[in-house]
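Student: With the input below, show me the fold.
(chains A and B)
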Number of protein chains: 2
Amino acid sequence: MSKKLTSRDEDYSKWYNELVVKADLAENSAVRGCMVIKPYGYAIWEKMQAELDRMFKETGHQNAYFPLFVPKSLFEAEEKNAEGFAKECAVVTHYRLQNDPDKEGKLRVDPEAKLEEELVVRPTSEAIIWNTYKGWIQSYRDLPLLINQWANVVRWEMRTRLFLRTAEFLWQEGHTAHETKEEAIAETQQMNQVYATFVENFMAIPVIQGVKTESERFAGAEDTYCIEALMQDGKALQAGTSHFLGQNFAKAFDVKFANKEGKQDYVWATSWGVSTRLMGALIMTHSDDNGLVLPPKLAPYQVVVVPIHKTDEQLQAITNLSKTLMDSLRSRGISVKYDDRTTQRPGAKFAQYELQGVPLRIAIGPKDLENGTLELARRDTFEKINISVDGVENKIEELLTEIQDSLFKKALDFRDNHITKVENFEDFKKVLEAKTGFISAHWDGTAETENKIKELTKATIRCIPLDSIEEEGVCVYSGKPSTKRVLFAKAY
Amino acid sequence: MSKKLTSRDEDYSKWYNELVVKADLAENSAVRGCMVIKPYGYAIWEKMQAELDRMFKETGHQNAYFPLFVPKSLFEAEEKNAEGFAKECAVVTHYRLQNDPDKEGKLRVDPEAKLEEELVVRPTSEAIIWNTYKGWIQSYRDLPLLINQWANVVRWEMRTRLFLRTAEFLWQEGHTAHETKEEAIAETQQMNQVYATFVENFMAIPVIQGVKTESERFAGAEDTYCIEALMQDGKALQAGTSHFLGQNFAKAFDVKFANKEGKQDYVWATSWGVSTRLMGALIMTHSDDNGLVLPPKLAPYQVVVVPIHKTDEQLQAITNLSKTLMDSLRSRGISVKYDDRTTQRPGAKFAQYELQGVPLRIAIGPKDLENGTLELARRDTFEKINISVDGVENKIEELLTEIQDSLFKKALDFRDNHITKVENFEDFKKVLEAKTGFISAHWDGTAETENKIKELTKATIRCIPLDSIEEEGVCVYSGKPSTKRVLFAKAY
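Tutor: Okay, the predicted model is just below:
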């Protein structure tokens, strides 16, 4: 809680890293690329989990749990998937340590305890799950199979950043099996929509729904749907993906079913996931130079009450008043914290809650006691009002809704102002560097052009938006004909 | 859902294994010793998690998340702990796979991608957590630190059984830091009590609280508190443990704090955990030869409604009636499933829900429609009543409470009838083999005697019960003086 944060203008990346640590969200661990999610950060993740879990169950999914490890022979069964993840796999090769005969008190890997087959720590679970589904699916009566897993996964990334890209992260992964291609595609789209709804309504982050180009697809997918968000520095962030896997995994793991006509057919598959990366999106979308700004629907506590007092009698009176108020707020489903620590001065507490993004702060002092008032301060706008305690619950409820809406509106305005239509490559480069954000441009549909643009500008095609309209145009790079605009951006 | 279960009398162990699979709770996976927790089993685990999580939060704990991996150098820092777990560690040695040049389409570990330091997949998290706490604790103001983690852990056990002993399992592990020894011991005891309350009130399993002998203690603990349950085959099962760790980890990781007098002192620690092993205890305590029996508080659905009809009109009428009834039950917080699948006959459905332990089954047929009645069947006693639909909600609510209480009572009677006081070693052996259960006997307090008894009988000291009274006696094996009885049993 020492000195001020680096400002976003000064160094956006440094601002982010400092904020995550100072707001007590997460920190780096002793394990390269792995983070510790601290209690305050984890409390936000729990709120996200609870809401997503509710939405998954409402759409008919059940949770289950599959092994952390994938035997190498299963891992390599779906070739494209294996190829996509092989370069970043943590591999277990031994199952025992022993005393190091050369170093007193130290351990070493027991060379006698080498596994016959290496185990990959799951980077994603399609392989182990489809190998399991083989035993669960015989007939159309066993379909659809709609399963979700909350789990940790490991991808050995070389450059890591707290929440945004870590070697281990927490996520959910849905894995579904269907009778028909149409049903599987509908599921893929439904789950992408669930993600969009959650991210917009709870995280207050506007997203664009689209599909990925072939080169940006999930390894092993026929089609990858996604939601793309825009951060305050003008870089895009992929917030969730939902994959139509065709029959690729069914074929790799030989998962067939007897259809209604009694014929054998391969099962159609989807998978979809969001991860603790969403925490990074949440932080970068709303926060400011004073620290975290949280949408009320995800704040571990929505209101904090800080007593300001000189005497013990004053504290007692403020505590009594606060208790009544807090009971009343809690009965309306509003979460409140009372901070009567005597080891910290009110100023330090104000700074802490500002840094931690508590949506509303209440301060009650001796004057307030006399007047029957309190001070109510909004984190997002810094507005303060002095208001009568009587009936303040309604005002608080209103304000929480207003903050939630206003954060979304602000992010939406920023995002919409940062989608720029561009017709030629000079403008493309200019907009990308100066204005930043999404660039809506025509593309000739080839991976060649896509790669060339990436090489020259570091911008990638974030998605082909679902609502992209058919129109005649020419590719912003090659000049070849195109019928649709796609969205380019530099991305996290 | 094929033929009947093996009976408990015939082969208790086989009965358990079959039941777990047939009731759709879990199954073995392609990874040696690792299980797949199926949706129905996972739904029970989620209910257990939700309640435990609530209890942890009520006692002031917060959740956080620490890395899956422990660098070898941290793992070995607390010597006893390291020694205790070294022999069953999965070890990550490489971070990349590559195409196998000798085998087309296969992968192999990339020999160039060897980690400088091996990573142990956490068998428990004291090492990585205490290494983190070092940065979090400077002064008494930072204490107590009360943190819990929900996570997967890996212990490379040689002989595994679904839920009871698996290489990977799910658990929670609490890790707390305190100013004083007394406070840490009080926390250890409090959490053991929380476990006892949960297991008795929710799982309907009576437990004995006690402390472990030195040789049965957690590696690195000064004292291990535990709750011990008794299964239907007369074997004990350790259902949860809570450890007072003294200053062992603080010393190993150099975690000091400035106390109120400004002096530096090592922090006092506890850790405590329960795991998916509890699922094994739940299954073995209540189930019968017809399948699973679940206490209503943990049943994924407490009531199932099966329509019995010949015509579509009948089904429609039953569905209408059921909907009204289910709305009314749900408004009382009772979970209900309606099974109107036409791919299964009512008899098959009855068998399924019996096998899966749904506490109450409702069947409604055409006769019931005429009479305004329904059939209500209890899973635990198989009692059936035909009862008026009017006001049946009260009866259902009552029955659910009654089933919960009756399961506990039944298990308690069994347990109490299986604690046998024994005064000499001949009786000890006889009771252990014939009657089974807990043996309450005097012990001379030496590890030597404890080991000898284990060697001769396979019985271990499950615990020194907290309520064990001081009395003069002689050790059941050595004849040496003793002041307290301890509980012996064969155990899972």
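Student: hey, where'd the strands end up in the stretch 301-450 of chain A?
Tutor: For the stretch 301-450 of chain A, applying DSSP state E, counting those that start in this stretch gives strands covering A:303-307, A:336-338, A:360-364, A:373-378, A:384-388, A:419-421, A:438-442.
Student: Please apply the same query to the stretch 51-200 of chain A.
Tutor: Going by DSSP E, counting those that start in this stretch, the stretch 51-200 of chain A shows strands at A:62-63, A:69-71, A:91-94, A:97-99, A:107-109, A:114-121, A:145-154, A:168-178.
Student: what would the strands of the stretch 301-450 of chain A look like in JSON lines with mean neighbour count and mean pLDDT?
Tutor: The way it works is simple: take the backbone N, C-alpha and C, and place the C-beta from them, glycine included. Below are the strands of the stretch 301-450 of chain A laid out as JSON lines (neighbours: other Cβ atoms under 10 Å in any protein chain shown; pLDDT from 0 to 100):
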{"stretch": "strand A:303-307", "mean neighbour count": "25", "mean pLDDT": "98"}
{"stretch": "strand A:336-338", "mean neighbour count": "17", "mean pLDDT": "97"}
{"stretch": "strand A:360-364", "mean neighbour count": "22", "mean pLDDT": "98"}
{"stretch": "strand A:373-378", "mean neighbour count": "19", "mean pLDDT": "98"}
{"stretch": "strand A:384-388", "mean neighbour count": "13", "mean pLDDT": "97"}
{"stretch": "strand A:419-421", "mean neighbour count": "15", "mean pLDDT": "98"}
{"stretch": "strand A:438-442", "mean neighbour count": "24", "mean pLDDT": "98"}
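Student: Show me the one of those strands that comes nearest chain B.
Tutor: Nearest to chain B, of all these, is strand A:336-338, at 12.3 Å by Cβ to the nearest Cβ.
Student: helices or strands next to that closest one in the packing?
Tutor: Under the contact criterion of 3 or more Cβ pairs under 8 Å, 6 or more residues apart in numbering or on different chains; DSSP states H and E, strand A:336-338 touches strand A:303-307, helix A:312-331.
Student: who does it pair up with?
Tutor: strand A:303-307 (parallel) (DSSP bridges).
Student: Return the strand it pairs with as CSV; C-alpha atoms alone will do.
Tutor: The C-alpha trace of strand A:303-307 is given here as CSV (Å, rounded to 0.1, in the frame of the first residue of the first chain):
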residue,chain,number,x,y,z
VAL,A,303,-20.2,-1.5,0.0
VAL,A,304,-17.6,-0.8,2.7
VAL,A,305,-18.4,1.2,5.9
VAL,A,306,-15.6,3.1,7.5
PRO,A,307,-16.2,4.7,11.0
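Student: ok and that strand relative to strand A:360-364, angle-wise?
Tutor: If you take axes from the mean of the first three to the mean of the last three Cα atoms, to 10 degrees, strand A:303-307 sits at 20 degrees to strand A:360-364.
Student: what is the orientation angle of strand A:303-307 with helix A:312-331?
Tutor: 170 degrees.
Student: how much distance is there from strand A:303-307 to the middle of the chain?
Tutor: 29 Å (Cα atoms, centre = their mean, to the nearest Å).
Student: contacts for it?
Tutor: A:314-315, A:318-319, A:322, A:325-326, A:329, A:334-340, A:346, A:349-350, A:353, A:358-365, A:396 (Cβ atoms under 8 Å, 6 or more residues apart in numbering or on different chains).
Student: With respect to burial, which of the strands of the stretch 51-200 of chain A scores highest?
Tutor: strand A:69-71 (a mean of 27; mean count of other Cβ atoms under 10 Å in any protein chain shown).
Student: What strands flank it, and is each parallel or antiparallel?
Tutor: Strand partners for strand A:69-71, identified by DSSP bridges, are recorded as strand A:114-121 (antiparallel).
Student: what sits against the closest residue to residue A:361 other than its chain neighbours?
Tutor: Counting by Cβ to Cβ, 6 or more residues apart in numbering or on different chains, residue A:377 is the residue found nearest to residue A:361 once chain neighbours are left out, at 4.5 Å. Neighbouring residues of residue A:377 by Cβ under 8 Å, 6+ apart: A:360, A:361, A:362, A:363, A:383, A:384.
Student: switch the cut-off to 10 Å
Tutor: A:304, A:306, A:350, A:353-354, A:358-363, A:383-385 (Cβ atoms under 10 Å, 6 or more residues apart in numbering or on different chains).
Student: Equivalent analysis for residue A:245, please.
Tutor: A:78, A:81, A:126, A:130, A:175-177, A:184, A:188, A:218, A:220-224, A:267-271.
Student: Check residue A:325 too.
Tutor: Contacts of residue A:325 by Cβ under 10 Å, 6+ apart are A:303, A:305, A:336, A:338, A:362, A:364, A:374, A:389, A:392, A:393, A:396.
Student: Residue A:474 contacts residue A:480, correct?
Tutor: Yes: in this structure, residue A:474 is within contact of residue A:480 by Cβ atoms under 10 Å, at 6.6 Å.
Student: tell me, what's touching those two both at once?
Tutor: A:442, A:443, A:444.
Student: What is the nearest of these to residue B:149?
Tutor: residue A:443 (45.8 Å; Cβ to Cβ).
Student: what's the following helix or strand after the helix or strand hosting residue A:244?
Tutor: Element membership of residue A:244, judged by DSSP states H and E, is strand A:236-246. As assigned by DSSP H and E, the chain's next helix or strand after strand A:236-246 is helix A:248-252.
Student: That next one - what's its average pLDDT?
Tutor: Average pLDDT, helix A:248-252: 97.
Student: Show me what the next helix or strand after that helix is packed up against.
Tutor: Going down the chain from helix A:248-252, the next helix or strand is strand A:256-258, by DSSP H and E. Counting contacts by 3 or more Cβ pairs under 10 Å, 6 or more residues apart in numbering or on different chains; DSSP states H and E, strand A:256-258 packs against strand A:264-266.
Student: which parts of the strand it packs on are buried?
Tutor: By neighbour count on 16 or more other Cβ atoms under 10 Å in any protein chain shown, the buried set for strand A:264-266 is residue A:266.
Student: contact partners of it?
Tutor: Strand A:264-266 has contacts (Cβ under 10 Å, 6+ apart) with A:138, A:140, A:179-180, A:246-259.
Student: Give me the distance between residue A:434 and residue B:278.
Tutor: Using Cβ to Cβ, to the nearest Å, residue A:434 is found at 59 Å from residue B:278.
Student: where's stretch A:471-487 relative to the chain centroid, distance-wise?
Tutor: The answer for stretch A:471-487 is 31 Å, by Cα atoms, centre = their mean.
Student: Check chain A and tell me which residue is nearest its centre.
Tutor: Per Cα atoms, centre = their mean, the C-alpha nearest to the average position across chain A is that of residue A:278, at 1.5 Å.
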